[in-house]
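[1] just need the structure, nothing else, for what follows:
(one chain, ligands or ions: 2)
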Amino acid sequence: MSASDNMIPAPAVRSKPLIIRHLPYFIGAAVLVALAAGMQFDGYILNILLQATTFSIAVFGLSVVLGLCGQINLAQAAFFGFGAYAVGLGTADLHLNFWLCLVGACAITLVAGAFLGMSTLRLGGHYLAMVTISFQQIVTLVMINAVGVTHGPDGVANIRRPELFQSSQSYLAFCVAMLAIVGYLVWHLPDTKLGRAMRAVRDNELAAGVNGIDVFRTKVYAFAVCAVLGGLAGGLFAGGFAYVSPDQFSFAESIQFLTMSLLGGVASPIGSVIGTGLLILIPEWLRFLKSVPGLYLAIYGLSVILIIRFMPDGIWGFVSDAFTRWRAHTKAPPVAGALQLRPATTGGDIVLEVTGLSKHFGGLKAVDGVDIAVKRGSVHALIGPNGSGKTTTLNVLSGLYKATSGKIVLDGTDITNMAPHQRTAAGLGRTFQNIRLFRSMTALENVEIGAERPGNTMIGKGDDALTERAMEALTFVGLGSRANELISSFSYGHQRLIEIARALASNPTLLLLDEPAAGLNSTEKLELHELLKRIAAQGLTILIIDHDMTLVSEAAQHITVLNFGRRIADGESMAVLRHPDVVSAYLGSE
Ligand code: ADP
Ligand code: MG
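    Ligands and ions are numbered 1, 2, ... in the order given. Just a heads-up that it's a prediction; the model follows:
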């Protein structure tokens, strides 16, 4: 074997430099800034534009926390208010420099957002909604009642702008430039490591965890980013209007931000701008109706409901979905090389050593004192009748359940008390009995998440290397040509293969497969069998749960049998399958 065989292959996927690819965006942004600076708007139009620009930045925040990460925040107006009051009180009362106050606004909201996030994000859905509503109400009460500091209901007047942008027109141009910059960052966030983690958490928290993502931390980051964008937007808003009061930052405004986000399309900053623009403009368009009481609100409400009813992903979601589907068929995925699995070999002969493992659910002993030793480079099967504790064992191994007792050592490292993402970093890869893919992503993006696991020595630096590795894994399972398609367009059997590819891309030391053959037809089972052989041929250690005896007896050298949570047999395959206890557990004692 030559030395070059050990090197990571040069990426076949090479993209143009970032600057060149994104040049059209910056030219477009520059034109908008020039227009904002140069057009002579009257005061009324100027105000509407200023409002739309600053609100859009706040709505960007929701597109991060809700659109990307799937967490609700019903207090965005509170963060917006934090920013507005920081700049308002800072420049008007304390006579501080505008820029200093704007940075302060971001810092305060960052801390507030991170704090609120850390204290609540372990809670799910409804609780998170309730806590953010309460936070919003508290902030409003403080704004109204802490008169000594906030001036109470009177609000803060005489807020100053920076020297550089004294005229409203130039200040608008400045805000449009900020919108373009923040919009650029938010737009590209999904393609960064953090952005991919957020999308994975939104699509499937469990799968995100076992693919090496720290779920809680990712959520806190998303929440803090959202809060900072709210604070920045609020600070800009205060400078623009020179006056702020508590009613501008109430719960109703938080709901308005949310509606803007959902209406335009929560998944993208373009949607934020569309939604914000529309919700600010629709009332202006409908002003002629204001003479008839109630009619205006009815039409306004109806249009919002209709748009959301027929475009559940918002206006931009509707457009971009069509685009993704079209692109999947027109844009050929890059050609990939052969996947190399190089499982780590630091420990001894035994890759996984499980001793006395138990998992009790109340009185039910789902797993009860089980020992398993998986030899390096072997295929080891874990079998047993339905409900015998196989999946539970796997869930305890990968950290989704905490062991009641026992010890798990992976390649010399005690992983018994690690979080799922830490076990993945330590070299564990797995698939699920009921498929858990990231459903809003393409096959390639799913596998990229796996490839990105911390400690994956098989990928070089940068996005191209990541794509390269993911393409190799997808090609290895036979789906390379369909890499750009969304998960929903794959058959059940192929979705299983994508899950396997996702685990393989991470170059695990040990691969855990939970009933990979379940739900497959006979052709697909044969293909799977052949795939397992190719994986094993590269020396990867596999612990496989299966029902299919043919598969097990042909593929596995070693079998552990569970029944009622206890190990009833263990050893070389043929001997175990003939063991009388195993025969009776499967076929009944008769
Ligand atoms: P297998 O994968 O071998 O079919 P499982 O590990 O899924 O079996 O289940 C073993 C036993 O544990 C079953 O009786 C099941 O009902 C129970 N069980 C599994 N998960 C839970 C849970 N989260 N809470 C309570 N009981 C559970
Ligand atoms: Mg199971």
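
[2] for the closest residue to ligand 2 within the stretch 301-450 of the chain, identify the helix or strand it belongs to.
    Distances between the stretch 301-450 of the chain and ligand 2 by Cβ to the ion are smallest at T391, namely 3.1 Å. The C-beta positions use only the backbone N, C-alpha and C, and glycine is treated the same way. Taking DSSP states H and E as the definition, T391 sits inside helix 390-397.

[3] what helices or strands is that helix leaning on?
    Helix 390-397 is packed against strand 350-361, strand 364-375, strand 379-383, strand 428-430, strand 510-514, strand 541-545, with contacts defined by 3 or more Cβ pairs under 8 Å, 6 or more residues apart in numbering; DSSP states H and E.

[4] which positions within the second one qualify as buried?
    Going back to what we said before, that points to strand 364-375. Taking 16 or more other Cβ atoms under 10 Å as the basis for neighbour counts, the residues of strand 364-375 that come out buried are K365, A366, V367, D368, V370, I372, A373, V374.

[5] give me every residue in the stretch 101-250 of the chain lying close to ligand 1.
    Within the stretch 101-250 of the chain, no position lies close to ligand 1 (Cβ under 6 Å from any ligand atom).

[6] now the stretch 101-250 of the chain against ligand 2: closest residue?
    Of all residues in the stretch 101-250 of the chain, L206 sits closest to ligand 2, with a separation of 14.5 Å (Cβ to the ion).

[7] so for the host helix or strand of that residue, what's the average pLDDT?
    With secondary structure defined by DSSP H and E, L206 is part of helix 205-210. Within the predicted structure, the mean pLDDT of helix 205-210 is 93.

[8] ok, residues contacting it?
    Contacts with helix 205-210, where a contact means Cβ atoms under 8 Å, 6 or more residues apart in numbering, come from 197, 200-201, 215, 218, 398-400, 419-421, 423-424, 428, 430, 432, 436-438, 449.

[9] in strands, which of these fall?
    Using DSSP state E to define strands, the subset of the contacts of helix 205-210 located there is L428, R430.

[10] for G239, which non-adjacent residue is spatially closest?
    With Cβ to Cβ, 6 or more residues apart in numbering as the criterion, G239 has its nearest non-adjacent residue at 4.7 Å, and that residue is R161.

[11] that neighbour touches A238, doesn't it?
    No. Here R161 does not reach A238: they are 9.4 Å apart, not a contact under Cβ atoms under 8 Å.

[12] which of these two has more neighbours?
    A238 (33 against 20; other Cβ atoms under 10 Å).

[13] right, and that one touches V244 too?
    Yes. In this structure A238 lies within contact range of V244 using Cβ under 8 Å: 5.2 Å.

[14] quickly list what's touching both of the two.
    Common contacts of A238 and V244 (Cβ under 8 Å, 6+ apart): A84, Y85, G88, V156, I159.

[15] what sits against the fourth one?
    Neighbour list for V156: Y85, G88, L89, A92, D93, T150, A238, Y243, V244, S245 [criterion: Cβ under 8 Å, 6+ apart].

[16] next SSE downstream of the longest helix seen in the chain?
    Across the chain, the helix with the greatest residue count (assigned by DSSP state H) is helix 215-241. Counting by DSSP H and E, the next helix or strand C-terminal to helix 215-241 is helix 251-264.

[17] by contact count, what packs against that following helix?
    In terms of contacts (3+ Cβ pairs under 8 Å, 6+ apart), helix 251-264 is packed against helix 43-62, helix 76-92, helix 125-145, helix 269-285, helix 295-310, helix 314-330.

[18] would you mind getting the angle between the second one and helix 251-264?
    It refers to helix 76-92. An angle of 120 degrees separates the directions of helix 76-92 and helix 251-264 when computed by axes from the mean of the first three to the mean of the last three Cα atoms, to 10 degrees.

[19] same check, this time on the fourth one
    Counting by the same axes, to 10 degrees, helix 269-285 lies at 120 degrees to helix 251-264.

[20] now helix 269-285: buried residues?
    Here helix 269-285 shows P269, I270, G271, S272, V273, I274, G275, T276, G277, L278, L279, I280 as buried, counting by 16+ other Cβ under 10 Å.

[21] so how far is that helix from its chain's centroid?
    Here helix 269-285 is found 26 Å from its chain centre; the criterion is Cα atoms, centre = their mean, to the nearest Å.

[22] tabulate the CA atom coordinates of it in PDB.
    C-alpha atoms of helix 269-285 as PDB (Å, rounded to 0.1, in the frame of the first residue of the first chain):
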ATOM      1  CA  PRO A 269     -34.800  36.000   5.700                       C
ATOM      2  CA  ILE A 270     -36.400  36.700   2.300                       C
ATOM      3  CA  GLY A 271     -39.600  35.500   3.700                       C
ATOM      4  CA  SER A 272     -39.100  37.800   6.700                       C
ATOM      5  CA  VAL A 273     -38.800  40.900   4.400                       C
ATOM      6  CA  ILE A 274     -41.800  39.800   2.300                       C
ATOM      7  CA  GLY A 275     -44.000  39.200   5.400                       C
ATOM      8  CA  THR A 276     -42.900  42.400   7.200                       C
ATOM      9  CA  GLY A 277     -43.400  44.500   4.000                       C
ATOM     10  CA  LEU A 278     -46.800  43.000   3.400                       C
ATOM     11  CA  LEU A 279     -48.100  43.400   7.000                       C
ATOM     12  CA  ILE A 280     -47.000  47.000   7.100                       C
ATOM     13  CA  LEU A 281     -48.300  47.700   3.600                       C
ATOM     14  CA  ILE A 282     -51.700  45.900   3.600                       C
ATOM     15  CA  PRO A 283     -53.100  48.300   6.300                       C
ATOM     16  CA  GLU A 284     -52.000  51.200   4.100                       C
ATOM     17  CA  TRP A 285     -53.600  49.700   1.000                       C
END
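
[23] contact partners of that helix?
    When contacts are defined by Cβ under 8 Å, 6+ apart, helix 269-285 is touched by residues 48, 51-52, 55-56, 59-60, 62-63, 67, 179, 182-183, 186-187, 256, 259-265, 296, 300, 303-304, 314-317.

[24] same deal with the fifth one?
    Residues external to helix 295-310 that are found in contact with it (Cβ under 8 Å, 6+ apart): T259, L262, L263, L279, I282, P283, L286, R287, L289, K290, G314, I315.

[25] again, only using 6 Å
    Counting by Cβ atoms under 6 Å, 6 or more residues apart in numbering, helix 295-310 makes contact with L263, I282, L286, L289, K290, all of which sit outside it.

[26] by neighbour count, which of the residues you listed wins?
    Of these, L263 is surrounded by the most neighbours, 26 neighbours in total, counting by other Cβ under 10 Å.
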